[in-house]
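*Asks:* Starting from these lines, generate the structure:
(chains A and B)
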Number of protein chains: 2
Amino acid sequence: MIMIAKQLSYRLCAGFIMICEVIFLPRFFAAACNIAKGVVILSGADKEHIKVLRLKIGDRITVCDGSGRDHHCLLTKIKNDTAEAEITASEPSPAEPSVKCTVLAGISKGERSDYTVQKCTEAGAAEIIFFSSARSVSRINEKNTAGKTARWQRIAEEAAKQSGRGMIPKVSCVFEFADTLNIAVSSDLSLFLYETGERIPLKKALCDARPFSSAAVMTGPEGGFERFEADLAAAAGLILCSLGPRILRCETAPVVALSALMFHTDNL
Amino acid sequence: MIMIAKQLSYRLCAGFIMICEVIFLPRFFAAACNIAKGVVILSGADKEHIKVLRLKIGDRITVCDGSGRDHHCLLTKIKNDTAEAEITASEPSPAEPSVKCTVLAGISKGERSDYTVQKCTEAGAAEIIFFSSARSVSRINEKNTAGKTARWQRIAEEAAKQSGRGMIPKVSCVFEFADTLNIAVSSDLSLFLYETGERIPLKKALCDARPFSSAAVMTGPEGGFERFEADLAAAAGLILCSLGPRILRCETAPVVALSALMFHTDNL
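*Replies:* Prediction:
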């Protein structure tokens, strides 16, 4: 039994946008080195997945190269350890947003960070970076993050497959607050979500922005940001803005901000 | 030690909106029957909370009447079982959205529904209603929902307090799909989030809508909606719309849709 998921395309009909159904097929991510001369080689967990789905020679699959391009393929060989598929057509993944959004999230306790990774992947983040700041309950350093980062990357991969993404967001950690700010300001639009003090509504920040193709959204840990951190962010060039009059949990704020950004830029 | 949370107010400064800081105090919800003649009586868990926070006579607290009004109070009596506070000022809760949004969510497995309740409360839902539909993995009926509903209501109360809401969203279950549709169409704007078939983008549905003060957002269970359910929804008057090209999990869709709606209506 092959699970058929749905994918969508936008079509301009009589002056308004109508969304139509396009069926898409089992979805795999393959490293670029496994895609060459019109052929894709799948191995490891992907080969297992082919077995679980009981796919056979001649079945159609979609293989993403992990950088936003979908390859439509026909399975041509199924061996013990690998499978081969022939590329019949390629296109930019229709599920990838037009804006590359980097989520910079204050590291939080336990499952909250897992949640941030899963939901932000579904909502369209291009990259997810955790950092610790003055009020962080959890602390990250080079020693304790390797295992965590590997788990988050698996969560991102799973969520990317399930939601039909054309790439898997990279998940990583940054250990210095100044480095976090430097990463944030490398985007066209850099937003610092701050729950107090002087800031502008997120909507004003987005409406006032010059056209942007990349954005950074920076949110705090459980206890929020310290005032000096907001001052540093403003000095670095981030825009201090608000997510409204309700206090959102640290794992809720990134997905709400990302949803608003995707909605505003017609990526929702 | 009193935990001081932050609340915000909007101020018009030199032609643009600047958000300023207003400190607010420990937050309680009291039934209307416990608020009379300028005095609030707190008992049960609220009295325990006063003890945990080590509040004393003369300390300031905020008491919400659960219908969107904040009462600023001074503690005047602390007894074994109850506490009394004198109301010094009252105002509409600044955290309540201008649009009353009812979230109708397909019942989902395990913790996913808990998540829907917590996140939608933070994001500003006025009411959360679970229903089962053709593809629901979990089934609800009058027998098995009493305990679940009580737990969800506690989650909503906790999230309402934490996020500074002026009311606790009511959480309930509906057992017939037709009843769910009837509830949805009683709002000014009724949206049916559908992951396939012909529908319009959520943004178009919101931009085209006449001014609305209430909205219903209906999302499906794990397997999504059946086509006949979407047809019934359209026939009932709901607008079939899309949450974009990525397939969102059943517990992610309501909070993403609600975030977009709150952003669009200037409630974020």
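*Asks:* contacting residues around the residue nearest the centre of chain A?
*Replies:* Centroid-nearest residue in chain A, with Cα atoms, centre = their mean: A:A125, separated by 2.9 Å. Applying Cβ atoms under 8 Å, 6 or more residues apart in numbering or on different chains, one finds that A:A125 lies in contact with A:C101, A:T102, A:V103, A:P169, A:L258. Bear in mind the C-beta positions are built from the backbone N, C-alpha and C, glycine included.
*Asks:* so where do the helices sit in the stretch 1-150 of chain A?
*Replies:* A:44-52, A:111-123, A:146-163 (DSSP state H, counting those that start in this stretch).
*Asks:* now the first one against helix A:146-163, angle please.
*Replies:* An angle of 40 degrees separates the directions of helix A:44-52 and helix A:146-163 when computed by axes from the mean of the first three to the mean of the last three Cα atoms, to 10 degrees.
*Asks:* CA atoms only for helix A:44-52 - export them in PDB, please.
*Replies:* Extracted in PDB, the C-alpha atoms of helix A:44-52 (Å, rounded to 0.1, in the frame of the first residue of the first chain):
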ATOM      1  CA  GLY A  44      20.300   3.000   4.000                       C
ATOM      2  CA  ALA A  45      17.100   4.200   5.600                       C
ATOM      3  CA  ASP A  46      15.700   5.200   2.200                       C
ATOM      4  CA  LYS A  47      16.100   1.700   0.800                       C
ATOM      5  CA  GLU A  48      14.400   0.400   3.900                       C
ATOM      6  CA  HIS A  49      11.500   2.800   3.300                       C
ATOM      7  CA  ILE A  50      11.100   1.500  -0.200                       C
ATOM      8  CA  LYS A  51      10.800  -2.000   1.300                       C
ATOM      9  CA  VAL A  52       8.300  -0.800   3.900                       C
END
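*Asks:* Please compute how far that helix lies from its chain's middle.
*Replies:* 24 Å (Cα atoms, centre = their mean, to the nearest Å).
*Asks:* Okay, buried residues for it please.
*Replies:* Of all the residues in helix A:44-52, those buried under the rule 16 or more other Cβ atoms under 10 Å in any protein chain shown are A:D46, A:K47, A:H49, A:I50.
*Asks:* now the third one, nearest residue through space, not along the chain?
*Replies:* By that I understand A:H49. Distances taken as Cβ to Cβ, 6 or more residues apart in numbering or on different chains place A:F28 nearest to A:H49, at 7.1 Å, with adjacent residues excluded.
*Asks:* now do the same end-to-end measure for stretch A:202-217.
*Replies:* 11 Å (Cα to Cα, to the nearest Å).
*Asks:* Would you confirm that the residue nearest to A:H49 contacts A:R60?
*Replies:* No - using Cβ atoms under 8 Å, A:F28 is not in contact with A:R60, being 11.9 Å away.
*Asks:* pLDDT wise, what is the nearest residue to A:S108 once chain neighbours are set aside at?
*Replies:* Nearest residue to A:S108 in three dimensions, chain neighbours excluded: A:C250, at 4.7 Å (Cβ to Cβ, 6+ apart). At A:C250, the model reports a pLDDT of 95.
*Asks:* helix/strand/coil for A:C250?
*Replies:* coil (DSSP: H, G, I helix; E, B strand; the rest coil).
*Asks:* That one and A:T219 touch, don't they?
*Replies:* Yes - under the criterion of Cβ under 8 Å, A:C250 makes contact with A:T219 at 6.8 Å.
*Asks:* Counting neighbours, go ahead and name the busier of these two.
*Replies:* Neighbours were counted for A:C250 and for A:T219 using other Cβ atoms under 10 Å in any protein chain shown; A:T219 has more, 28 against 24.
*Asks:* Need the phi and psi values for that one.
*Replies:* Taking degrees, to the nearest 10, you get phi -130, psi 160 for the backbone angles of A:T219.
*Asks:* Who are the contact partners of the residue nearest to A:V99 when sequence neighbours are not counted?
*Replies:* Leaving out its chain neighbours, the residue that sits closest to A:V99 by Cβ to Cβ, 6+ apart is A:T265, at 4.9 Å. With contacts defined as Cβ under 8 Å, 6+ apart, the neighbours of A:T265 are A:P97, A:S98, A:V99, A:L206.
*Asks:* hang on, the earlier thing: deepest of the helices of the stretch 1-150 of chain A, which one?
*Replies:* Most buried of the helices of the stretch 1-150 of chain A, by mean neighbour count (mean count of other Cβ atoms under 10 Å in any protein chain shown): helix A:111-123, with a mean of 24.
*Asks:* Mean confidence (pLDDT) on that helix, please.
*Replies:* Summarised as a single mean, pLDDT over helix A:111-123 is 95.
*Asks:* do stretch A:216-223 as well
*Replies:* Mean per-residue pLDDT for stretch A:216-223: 94.
*Asks:* Flag every residue of the stretch 151-268 of chain A that's near chain B.
*Replies:* Within the stretch 151-268 of chain A, the positions near chain B by Cβ under 8 Å from any Cβ of the partner chain are A:162-165, A:195-204, A:224, A:242-249, A:252, A:255-256, A:259-260, A:262-264, A:266-268.
*Asks:* What subset of those is buried?
*Replies:* Buried by 16+ other Cβ under 10 Å: A:162-165, A:195-197, A:199-204, A:224, A:242-249, A:252, A:255-256, A:259-260, A:262-264, A:267-268, out of those.
*Asks:* Tell me which of these fall in helices.
*Replies:* Mapping those onto helices (DSSP state H) picks out A:Q162, A:S163, A:L202, A:K203, A:K204, A:V255, A:V256, A:S259, A:A260, A:M262, A:F263, A:H264.
*Asks:* Would you check which pair of these lies furthest apart?
*Replies:* Using Cβ to Cβ, those span at most 34.0 Å, a distance reached by A:Q162 and A:K204.
*Asks:* quick one: contacts for A:S186?
*Replies:* Listed by Cβ under 8 Å, 6+ apart, the contact partners of A:S186 are A:A216.
*Asks:* which SS state does it fall under?
*Replies:* Classification of A:S186 by three-state DSSP places it in coil.
*Asks:* separation between it and A:A216?
*Replies:* 8 Å (Cβ to Cβ, to the nearest Å).
*Asks:* which residues in the stretch 1-150 of chain A form strands?
*Replies:* Along the stretch 1-150 of chain A, counting by DSSP state E, counting those that start in this stretch, strands occupy A:5-13, A:16-24, A:27-29, A:35-36, A:39-43, A:60-64, A:69-78, A:82-92, A:100-106, A:127-131.
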